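Participant: Fold the following, please.
(chains A and B)
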Number of protein chains: 2
Amino acid sequence: MREENPLKEKPKLPGLPRSLPEGRSIDPFIVMDVMAEANARQANGEDIIHMEVGQPATPAPRAARERARNALETERLGYTEALGMPALRELIASYVKERYGASVGPERVVVTAGSSAGFVLAFLAILASGDSLGLPSPGYPCYRQILKALGLSPRLIETSAEGRWMPSAGDVDRLAAEDAAGILLASPNNPTGTMVVGDRLAEIAAACRRKGLWLISDEIYHGLEYDAPAETALAHSDEVIVVNSFSKYFSMTGWRIGWLVVPEALVRPIERLAQNLYISPPTISQIAALGAFDGIDELEAIKGNYARNRAMLLEELPRAGLSDILPADGAFYLYADVSRFTDDSEAFAKAMLRDVGVAVTPGIDFDPDRGQSYVRLCYSGPEASMREAAVRIGAWLKKQ
Amino acid sequence: MREENPLKEKPKLPGLPRSLPEGRSIDPFIVMDVMAEANARQANGEDIIHMEVGQPATPAPRAARERARNALETERLGYTEALGMPALRELIASYVKERYGASVGPERVVVTAGSSAGFVLAFLAILASGDSLGLPSPGYPCYRQILKALGLSPRLIETSAEGRWMPSAGDVDRLAAEDAAGILLASPNNPTGTMVVGDRLAEIAAACRRKGLWLISDEIYHGLEYDAPAETALAHSDEVIVVNSFSKYFSMTGWRIGWLVVPEALVRPIERLAQNLYISPPTISQIAALGAFDGIDELEAIKGNYARNRAMLLEELPRAGLSDILPADGAFYLYADVSRFTDDSEAFAKAMLRDVGVAVTPGIDFDPDRGQSYVRLCYSGPEASMREAAVRIGAWLKKQ
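Facilitator: Down below sits the predicted model:
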């Protein structure tokens, strides 16, 4: 008898039968809102340079597209097994072996509908309602929003530019003392592009093992490094969950195809979740991914473009007025301190888009506490556009 | 200090840093397990007839595949807006108008990564932790598994063959008395293929409005009806959530592309969830879906095959020994009472697959209480195979 409990009566929105739950209310993924606005302006005839969304300007490698094209003519493209096509799981296992020297049986590889689905599966498989997970801040905003949407608790770990925006083994100890269930780490990190250096990853893995904490390693930007290659957490432990994707290095964002490497005991719980939550990853994307590994030459050339853009921007942006940027080791992002100009990065990004048509992402997407002082610039676009962006930003900053 | 609380110490699986949460542990989607076994037997040279998975034997319509092929050559295939490509949202709104006469603005259409993602988005948008939702039983098993995985409570409504396996307005009243947040209805229903008749849907919608309950209408099998056309819940209320998909009528299961129609006040909460949970639905699938509406002639011909299979099986299966089947009004399923032969439908289905290579799905996937007495047969395959299946089943049942 709901009427007898007035506390349960929240005002409902017009047109809805009852009120919406407050607990699950999450923030937008701001970059998607920026992209929607940038697209609307572009459709309106404005000359927009996209540095907001983290995605390659290039299509999937030719061999991937060829596979997809053939499948369109010859295959039914029905559901696959929930864990992914066996041939793709095997190919991913071979790639892991070849790239890192880590021996991972194909039975530990889970093909997912993008790394997004990988996070949902991993979180639901290992975390009970209310469990908390340590997340580096600044970091990919969807980590904390997905956790909140699922009734789980993000616990932000404040990192700093001095430590290359990376957590440490000490953070693991603190999380354990606070009874967190695990820690998530991304190297290269989004939005900073920075990587763990020295023995940091080994130390974190050891601390997790010692304290009985989960280690989730987001390796989605592996392949995009400009100095030393990125290390996989699999080199230090078989108990970790590795999240990866064909979106970034393999230039296949819109295909929504990624993978997990998980401990054997997690495979069946994750399979049950995947079967029920999405049945199977998109079939044509799985088939295209089979060809992606044949496109390494193409992908290395694309990476060469990123490297040139990165070098150019690290020279031009300081001249333009954005002097406080850590030279990122990987991914295709620069995270610029704009505190000299604003204490409201969202308004700053909006004004820049409106005034000079350069779309960047406000730092608050990545760091709710200190993000008002930062913007993220994605340099995956064509070199001429990136160069033009630096010019526009320079002219605009002079007027701020 | 975890050591001080022995209740928290559960045995951990070997190879995992800590134990897995029990609360979220869900059952497999059994049909996927049956499919995996049927595929393994097929790969092993056995002659398998697939009647287990609910999917067309046909590829996407030609026009959809053409669109995809062109996009492979001309488009980058990056992320789209989280709610889907504006052109596709508009086309879906036009289709809803044309098919049902219901005026739904494109802003109320949400393109989703299959209806699976639609359920996740809808449940998370409207239900708080612990909230319960009424579900018809027998029904699509993922409803209850997704709810459980998300920390929500399925409340099963026992329906019966006499009522065409459909819930009633009385069930809504009972759910309201038990403080459930809403009810989910599927017509045509999976696994039974039955539909609501008469004023039942209008009465349920009215009861939901009166009691302030959500009504989620799963209309994924619309288009596949063999007598009267299926009614949309949108005809009775604008406050409902309608779930639909390109998988079934449009013959595009593996593309993982579907849609929701939601009340306007739900659009932004759902957009925030979609942005964070999966960024955007697969782009090539969205583009293919743009062409799907041009394939209606092809799709009607495919539906003609289903109708012939249905008529043939409703004649042959009773002769073969499966006499207790309701002539289903829609979808491509028959739900057969096998209690004369077994009280363990899972063992029954396994034995049938092993002995005569016909894969069917045990009823316990759809009805945990009474499903041991039923199996579901999907008749979307080629007519010759369906006919051969009836022969094999008849020969096999004689020996039981």
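Participant: What residue in the stretch 51-200 of chain A comes nearest to chain B?
Facilitator: residue A:128 (3.3 Å; C-beta to the nearest C-beta). Glycine gets a C-beta too; all of them are placed from N, C-alpha and C.
Participant: ok, and the closest non-adjacent residue to that residue?
Facilitator: By the measure of C-beta to C-beta, 6 or more residues apart in numbering or on different chains, the closest residue to residue A:128 outside its immediate chain neighbours is residue B:21, 3.3 Å from it.
Participant: give me the number of residues near the residue of the stretch 51-200 of chain A closest to chain B?
Facilitator: 16 (other C-beta atoms under 10 Å in any protein chain shown).
Participant: what's the answer for residue A:12, then?
Facilitator: There are 14 residues near residue A:12, going by other C-beta under 10 Å.
Participant: what about it, distance to chain B?
Facilitator: 8 Å (C-beta to the nearest C-beta, to the nearest Å).
Participant: In which helix or strand does that residue reside?
Facilitator: Of the helices and strands defined by DSSP states H and E, none includes residue A:12.
Participant: Dump the C-alpha coordinates for stretch A:134-146 into CSV.
Facilitator: Extracted in CSV, the C-alpha atoms of stretch A:134-146 (Å, rounded to 0.1, in the frame of the first residue of the first chain):
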residue,chain,number,x,y,z
GLY,A,134,39.9,2.1,-6.9
LEU,A,135,40.2,4.2,-10.0
PRO,A,136,43.0,6.6,-11.0
SER,A,137,41.8,10.2,-11.3
PRO,A,138,42.1,11.7,-13.8
GLY,A,139,40.8,8.7,-15.7
TYR,A,140,38.3,7.4,-18.3
PRO,A,141,35.0,8.8,-17.0
CYS,A,142,32.9,5.7,-17.9
TYR,A,143,34.7,3.6,-15.3
ARG,A,144,33.0,5.5,-12.5
GLN,A,145,29.7,6.1,-14.3
ILE,A,146,29.3,2.4,-15.1
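Participant: does chain B sit close to that stretch?
Facilitator: Yes - interface with chain B: stretch A:134-146 contributes A:141-142, A:145-146 (C-beta under 8 Å from any C-beta of the partner chain).
Participant: Need those in a markdown table (columns: distance to residue A:337 and pLDDT).
Facilitator: Below are the residues of stretch A:134-146 next to chain B laid out as a markdown table (distance: C-beta to C-beta, whole Å; pLDDT from 0 to 100):
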| residue | distance to residue A:337 | pLDDT |
| --- | --- | --- |
| A:141 | 19 | 95 |
| A:142 | 23 | 96 |
| A:145 | 24 | 96 |
| A:146 | 28 | 97 |
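Participant: The host helix or strand of residue A:395 and chain B, any residue contact?
Facilitator: Taking DSSP H and E as the definition, residue A:395 sits inside helix A:383-398. No - if you take C-beta under 8 Å from any C-beta as the test, helix A:383-398 misses chain B, and the best it gets is 14.0 Å.
Participant: now that helix, how far from the chain's geometric center?
Facilitator: 26 Å (C-alpha atoms, centre = their mean, to the nearest Å).
Participant: which residues are contacting that helix?
Facilitator: A:49-51, A:305, A:308-309, A:312-313, A:316-317, A:319-322, A:341, A:352, A:355-358, A:377, A:379, A:381 (C-beta atoms under 8 Å, 6 or more residues apart in numbering or on different chains).
Participant: Within range of chain B, give me the residues from the stretch 251-400 of chain A.
Facilitator: Counting by C-beta under 8 Å from any C-beta, the residues of the stretch 251-400 of chain A near chain B are A:252-256, A:263-266, A:269, A:271-273, A:275-285.
Participant: can you do 7 Å?
Facilitator: Within the stretch 251-400 of chain A, the positions near chain B by C-beta under 7 Å from any C-beta of the partner chain are A:253-256, A:263-266, A:269, A:272-273, A:275-279, A:282-285.
Participant: Now the residue nearest to the spatial centre of chain A: closest residue in space, sequence neighbours ignored.
Facilitator: Most central in chain A under C-alpha atoms, centre = their mean is residue A:140, positioned 5.4 Å from the mean C-alpha point. Of all residues beyond its chain neighbours, the one nearest residue A:140 is residue A:190 (4.8 Å), with distances taken as C-beta to C-beta, 6+ apart.
Participant: Around the one you found, count how many other residues there are.
Facilitator: 26.
Participant: who touches it in this structure?
Facilitator: A:54, A:140, A:221, A:331, A:333 (C-beta atoms under 7 Å, 6 or more residues apart in numbering or on different chains).
Participant: Please report how far it lies from residue A:335.
Facilitator: 9 Å (C-beta to C-beta, to the nearest Å).
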